[in-house]
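Trainee: Pasting the sequence and the predicted model now:
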Amino acid sequence: MNSPSSNTFDIIIVGAGPAGTACALALKDSGLKIAVLEKHTFPRDKVCGDAIPSRVPKVLRSISPEIADEIKSFEKKITIRGCRVVAPNLNTVDIFFKLDGYISTRLDFDNKMAEIMKKFSPVTLFEETSVSGIEITKDGVEIQSDNNILFHSKIVIGCDGAHSVVEKKITATKMDPKHYTGAVRAYYKNIAGTEDEMMEIHLLKEYPAAYFWIFPLQHKMANVGFGMLSEKISEKKVNLRKSLLDIVQTHLTLSKRFQTAESLGEITGFGLPMGSRRVKISGYRFMLCGDAASLIDPATGEGIGNAMLSGKFAAQQAIKCFEKNNFSEGFTRQYDETLFNVIGKELKQKYFIQRTLGERAWLANAAITLASKNKFVKRWLQKMF
């Protein structure tokens, strides 16, 4: 049997999605030797709602205006100025964002972020490299890959998504269906009544603690999906794929909009670890970011913004670890404190909104009806976004 080759770095980032690339970009001037391990080869797809909130350009601009300009000029996206929220009783309210967001397929957006990372950050990217084992010792971190490469580093940053290998190998966090959402997504073309600059979220009386979305893309395409709290999926024995098709084919108003729409492929599923509970995201010689750290917005299911913010903060903490030569659990916990000082209150508010409106159709009806007439209620509802 061949001995694995050895690759030694200061920092190893596992995962080259939004969290991993933002982390690498925030480390670009650190002078540290950095490896990014990605289990696929770019361009590669990631099952997602494809929404890119205004937090993304803000985070990138805080790293470098030049990097933010790369995304601003990125052609494979559309600009989103607001979201139309539809109540179970079909009343609607249009929520306009303070700052524009974008929508782009993850195939295109993640590939663009990987290109930006390679352009601005002197990292070594290992594609087709899955992590199979991690061992943390007093001297550093040893990572074994499926392609028989043995990596060494002083610290590892797990940015490898909802099913994070880093999180599973290092922490004892268990999936909690009260804080986890199952979702499915499909692409359609030529849906009637879509507006290029407006997302849509539909709360349906038939499905409590769930939401249906239509997010417009370029070329008259749209990302269409359905998500529900995992505890409700189990409790009600819901088949998400069947439910999405039922909505598209039989819902009182939505089915009319899909009569001439074209399905562009299969329905695919994914899991969303919500930021409605605090889990272990740092410790001796490691930090977790994005979906691996359960940072998804409990109200909307959006995760890219928090992922990139956490990647930036993890990079900043890693630099401090090297400056002080301190990789202890107590020191890396500063990352938690920095991150949750920014998004902790927001996540609690979103969880309250999710639980309050998601499970009470009558209250969602009242809130959305009032929001369409009352600016104070509309401002409260706007906190969802």
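Mentor: Cool, got the structure. All values reported here derive from a predicted model rather than from experimental measurement.
Trainee: which regions of this protein sit below the pLDDT cut-off?
Mentor: 1-6, 380-381, 383-385 (pLDDT under 70).
Trainee: quick one, domains of it?
Mentor: 5-80+103-176+275-354, 177-273+361-382 (automatic domain parsing).
Trainee: Determine which stretch of the ones you listed is the most buried.
Mentor: domain 5-80+103-176+275-354 (a mean of 20; mean count of other CB atoms under 10 Å). C-beta here means a position set from N, CA and C on the backbone, and glycine is covered the same way.
Trainee: Dig out what Thr124 forms beta bridges with.
Mentor: Judged by DSSP bridges, the bridge partners of Thr124 are Ala35.
Trainee: if we can go back for a sec, put together JSON lines for the domains of the chain, with distance to Leu90 on each row.
Mentor: Listed next are the domains of the chain as JSON lines, based on distance: least, CB to CB, whole Å:
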{"stretch": "domain 5-80+103-176+275-354", "distance to Leu90": "20"}
{"stretch": "domain 177-273+361-382", "distance to Leu90": "6"}
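Trainee: Which one of those domains lies nearest to Ala87?
Mentor: domain 177-273+361-382 (3.9 Å; CB to CB).
Trainee: how about the nearest residue to His163 once chain neighbours are set aside, phi and psi?
Mentor: Once flanking residues are discounted, His163 sits nearest to Gly271: 7.2 Å by CB to CB, 6 or more residues apart in numbering. Phi and psi for Gly271, reported as degrees, to the nearest 10, are phi -110, psi 150.
Trainee: can you tell me how far Leu264 sits from Glu127?
Mentor: Leu264 sits 26 Å away from Glu127, going by CB to CB, to the nearest Å.
Trainee: swap in Lys118?
Mentor: Lys118 is 11 Å from Glu127, where distance means CB to CB.
Trainee: shared neighbours, those two?
Mentor: Counting by CB atoms under 8 Å, 6 or more residues apart in numbering, Lys118 and Glu127 have no contacts in common.
Trainee: Tell me the helices and strands packed up against the lengthiest helix in the chain.
Mentor: Taking DSSP state H as the criterion, the chain has its longest helix at helix 329-358. Under the contact definition 3 or more CB pairs under 8 Å, 6 or more residues apart in numbering; DSSP states H and E, helix 329-358 sits against strand 282-283, strand 286-288, helix 304-324, helix 361-371.
Trainee: let's go with 7 Å and repeat that
Mentor: strand 282-283, helix 304-324, helix 361-371 (3 or more CB pairs under 7 Å, 6 or more residues apart in numbering; DSSP states H and E).
Trainee: hey, what's the closest residue to Thr194 other than its chain neighbours bridged with?
Mentor: Counting by CB to CB, 6+ apart, Thr194 lies nearest to Pro216, which is 5.0 Å off, once chain neighbours are set aside. Beta-bridge pairing of Pro216 under DSSP bridges involves Ala222.
Trainee: next one: Phe270
Mentor: Ala183.
Trainee: so it touches Thr181, yeah?
Mentor: No. With contact taken as CB atoms under 7 Å, Phe270 and Thr181 are classed as non-touching, separated by 9.4 Å.
Trainee: Next one: the spatially most central residue of the chain relative to Lys378, how far apart?
Mentor: Nearest to the geometric centre of the chain sits Gly303, at 2.4 Å (CA atoms, centre = their mean). Distance from Gly303 to Lys378, counting by CB to CB: 25 Å.
Trainee: now Asn341: how far from Leu347?
Mentor: Applying CB to CB to Asn341 and Leu347 gives a distance of 12 Å.
Trainee: same question, Pro273
Mentor: Counting by CB to CB, the separation of Pro273 from Leu347 is 12 Å.
Trainee: List the residues that contact Ala16.
Mentor: 36, 38, 114, 125 (CB atoms under 7 Å, 6 or more residues apart in numbering).
Trainee: Now that we have the residues you listed, can you turn them into CSV and tack on distance to Trp362?
Mentor: CSV is the format used below for the contacts of Ala16 (distance: CB to CB, whole Å):
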residue, distance to Trp362
Val36, 48
Glu38, 46
Ala114, 46
Leu125, 51
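Trainee: re earlier: the residue nearest to the centre of the chain touches Ala293, doesn't it?
Mentor: No. Counting by CB under 7 Å, Gly303 does not reach Ala293; the two are 10.1 Å apart.
Trainee: helices or strands next to the strand ranked longest in the chain in the packing?
Mentor: Across the chain, the longest stretch assigned as strand under DSSP state E is strand 92-103. The contact analysis (3+ CB pairs under 7 Å, 6+ apart) places strand 92-103 against strand 51-52, strand 78-86, helix 375-382.
Trainee: In JSON lines: the ones you listed, plus distance to Leu245.
Mentor: JSON lines is the format used below for these (distance: least, CB to CB, whole Å):
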{"stretch": "strand 51-52", "distance to Leu245": "22"}
{"stretch": "strand 78-86", "distance to Leu245": "19"}
{"stretch": "helix 375-382", "distance to Leu245": "29"}
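Trainee: so how far is Lys280 from the nearest residue to Gly283 once chain neighbours are set aside?
Mentor: Leaving aside its sequence neighbours, Gly283 sits nearest to Glu329 (CB to CB, 6+ apart; 4.7 Å). For Glu329, the distance to Lys280 equals 10 Å [CB to CB].
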